[in-house]
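Asker: Just the structure for this:
(2 chains)
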Amino acid sequence: MQTVLSIAVDALAYGMVLFVISIGLSVTMGLMRVVNLAHGAFAMIGGYFASYAVRDLGLGYAAGILIAIVGTVIIAIPVERFLYRRIYGAPQLTQVLMTIGITFCVIGITNFTFGPTLKTVPLPAMLQGSVDLGFRSIATHRIFVIICGFAVAAGLWFLIERTNFGIKLRATIDNAAMTAALGVRTELVYAVSFAVAIALAAFGGVIGAELLPLEPYYALRYMVTFLVVVSVGGAGSIPGALIACLLLGAIDTTGRYLAPEYGEFFFYLAVILIVTLFPRGLVGRMK
Amino acid sequence: MAVSMDQSLTAPSLVKRLADSGLIGVFAIVLAGAMGYLLMPNNLALLTQIVAVALLVLSIDLVTGYCGVATLGHAALFGAGAYGAGIAAVHFGITDPVAMTAVGLLAGALAGLVSGLVILRAHGLAQLVLSIAVIHLFHEAANKASGWTGGSDGLSAIMPNAFFGLFEFDLWGRTAYVYGVVLLGLVFILLQILVRSPFGMLARGVRQDQIRIAAMGASSHAVLLRMYVISGAVAGIGGALSAISTQVVGLDSLSFTLSAEALVMLVLGGTGSLYGAMIGTVVFMLFEDTLSAANPFHWLTVVGALLIAVVLFAPKGLYGTAVALADRFRRRPA
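Answerer: Purely as a prediction, here's the structure:
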């Protein structure tokens, strides 16, 4: 029972980190049809910003998160403007290569600037320690991550389903040319959603630093995981991404607890099964 | 008048025929092989590794360049060949190099069949993700089956016999290198025949328009699967060569990184052409050897920048761009 509960909490926290980081990827992929393998690199940049702000400059955790988000978006804007715009609508192979190239560059530069060692984002006193539930105590940080995940899901749901911008966004996902013809400035929709996606990636990189440790190869190590989440959930779908993250988080964590010697064998086996059975993702609409 | 016309017709067609049958390519391979032997006699191990990886890149070219299947999991086929040859030598006592290569070929073809069956079920993003999942699955399986594969320590103590009982695999790796170059030449000729055959044409057709191929009555899935098996055989030969020359097989031969790097080499050289695949491999690996000796992370930055540059400025790769330039140059005087 104890094991089941700790697996459940860890799986939920891990799934939520995956969700916060990859939901942006899911939206941009559904929207711009770009296979963006560099998304994890932006999460990593966010984590490094926060680590630098909190650990080296001695700022607070909240300030660290803010700096991470703003800094990463500022870095991402020229990248989007000069590199990504060239590959919208290009063949998939081209997109894969370009974004792998960006990832490699980010890894190399990060290592040059910050060195190859593991970086941490020190938690504030409020998030350290654990909360006693009477029969079991749970690390406060895990609870914080889970709450953040639900908050992001709820916020995005509100943004997409209930606001004016959300209507334009959904219309652009369904049919960009028609939406543009109706007078929506789709390039503005693209730019805003790209910025939101990057901001969420940075946010996820910071709050998930405990679960996905920050080092230069972060971008390469988790790149595949994020892509898998989007593919399993279906690009452009929030409920799909949420289900996929919780499912894959559960499979991965359970595998690590019960059969650690198999590594990620079961994770990828599950991925193959799901993708084969649902080639458009669990809740997919990408053609 | 008639004679001169005849000449003007035959002269280019002779060159063209030579190029078509791949003799120019074989000549280039032999020439480059001999130059490598003479210029870098102390670095034959690296050159042999380049030949082995060139076989892997050629095999990716078959499915990516000719059939249009984007894959990030092709090292699975290479690694299967390497482990096949290695396991045959260590556990079954098959130490004849040619027999080891044959085992590698079969293992690679089998891996090609398995991963083809999985990967070809989907299209687009799902296909890419499946190929990534396949390479990780192979990697974890090899890691787990450490009784057979040596796990993360790698499979060592592979001792190939002397070639025909005459040529020992010496410390300098001369025999392995010559064997590798000969293998590459043979595979190149066979592939050149393959891609010019009706089957090769069908494969190109599948890349350009699957629906039309289906309307013509051919099954594009069958074409792709057959190409995957052939590609697996080629990659398997490369893996076996790598096992024979280094006498070790490590888990890195089944890694995502190797898959991605091989794809980069292919794109650097130019997809859809056997020459491009080989040129890309040689350029990439020689660069890597020089630069990563200085600092592996700078090397990563350079590869990244190189990739971005190729995608933006030379999407046809080195070979494709050179051919396009030569064409333009030739047309201008006329």
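Asker: all strands for the chain, in order.
Answerer: Going with chain A. Assigned by DSSP state E, chain A shows strands spanning A:130-132, A:137-139.
Asker: Show me what the first one pairs with in its sheet, parallel or antiparallel.
Answerer: Just to be clear, that refers to strand A:130-132. strand A:137-139 (antiparallel) (DSSP bridges).
Asker: avg pLDDT for the partner strand?
Answerer: The pLDDT scores in strand A:137-139 average 80.
Asker: Show residues contacting that strand.
Answerer: With contact meaning Cβ atoms under 8 Å, 6 or more residues apart in numbering or on different chains, strand A:137-139 is reached by A:9, A:129-131. Bear in mind the C-beta positions are built from the backbone N, C-alpha and C, glycine included.
Asker: Show me where chain B dips below the pLDDT cut-off.
Answerer: Along chain B, segments meeting pLDDT under 70 span B:1-21, B:164-166, B:171-172, B:296-297, B:332-334.
Asker: now with 50?
Answerer: Residues of chain B that meet the criterion pLDDT under 50 lie in B:1-9.
Asker: related to what we said a few turns ago, which two of the contacts of strand A:137-139 have the greatest separation?
Answerer: Using Cβ to Cβ, those span at most 14.9 Å, a distance reached by A:Val9 and A:Gly129.
Asker: More neighbours: which of these two?
Answerer: More neighbours surround A:Val9 than the other of A:Val9 and A:Gly129, with 17 against 12 (other Cβ atoms under 10 Å in any protein chain shown).
Asker: worst-scoring helix or strand of chain A, pLDDT-wise?
Answerer: Counting by mean pLDDT, DSSP states H and E, chain A has its least confident helix or strand at strand A:130-132, which shows a mean of 77.
Asker: How far off centre is that strand?
Answerer: Taking Cα atoms, centre = their mean, to the nearest Å, one finds the center of strand A:130-132 at 27 Å from the center of the full chain.
Asker: try stretch A:178-187
Answerer: 28 Å.
Asker: which residues does the nearest residue to A:Ile109 once chain neighbours are set aside contact?
Answerer: With sequence-adjacent residues excluded and distances taken as Cβ to Cβ, 6 or more residues apart in numbering or on different chains, A:Ile109 is closest to B:Thr301, at 6.1 Å. Contacts for B:Thr301 (Cβ under 8 Å, 6+ apart) come out as A:104-105, A:107-109, A:112.
Asker: So which of the residues you listed wins on neighbours?
Answerer: The member of the contacts of B:Thr301 that has the most neighbours, counting by other Cβ under 10 Å, is A:Phe104 with 27 neighbours.
Asker: List the buried residues for the longest helix along chain A?
Answerer: Secondary structure of chain A per DSSP state H: the longest helix is helix A:2-32. By neighbour count with 16 or more other Cβ atoms under 10 Å in any protein chain shown, helix A:2-32 contains the buried residues A:6-7, A:9-32.
Asker: Output the contacts of B:Thr301 as JSON lines; include the columns distance to A:His39 and pLDDT.
Answerer: As requested, the contacts of B:Thr301 are exported to JSON lines (distance: Cβ to Cβ, whole Å; pLDDT from 0 to 100):
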{"residue": "A:Phe104", "distance to A:His39": "14", "pLDDT": "89"}
{"residue": "A:Cys105", "distance to A:His39": "15", "pLDDT": "91"}
{"residue": "A:Ile107", "distance to A:His39": "14", "pLDDT": "89"}
{"residue": "A:Gly108", "distance to A:His39": "18", "pLDDT": "88"}
{"residue": "A:Ile109", "distance to A:His39": "17", "pLDDT": "90"}
{"residue": "A:Phe112", "distance to A:His39": "22", "pLDDT": "87"}
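Asker: mind listing which of those residues are in helices?
Answerer: Secondary structure from DSSP H places A:104-105, A:107-109, A:112 of these in helices.
Asker: Neighbours of A:Leu59, how many?
Answerer: Neighbours of A:Leu59 using other Cβ under 10 Å come to 15.
Asker: Could you tell me which residues make contact with residue 277?
Answerer: Reading this off chain A. So A:Leu277 contacts nothing (Cβ under 8 Å, 6+ apart).
Asker: let's do chain B instead
Answerer: Contacts of B:Ala277 by Cβ under 8 Å, 6+ apart are B:54, B:57-58, B:60-61, B:65, B:265-266, B:269-270.
Asker: in which helix or strand would I find it?
Answerer: helix B:274-294 (DSSP states H and E).
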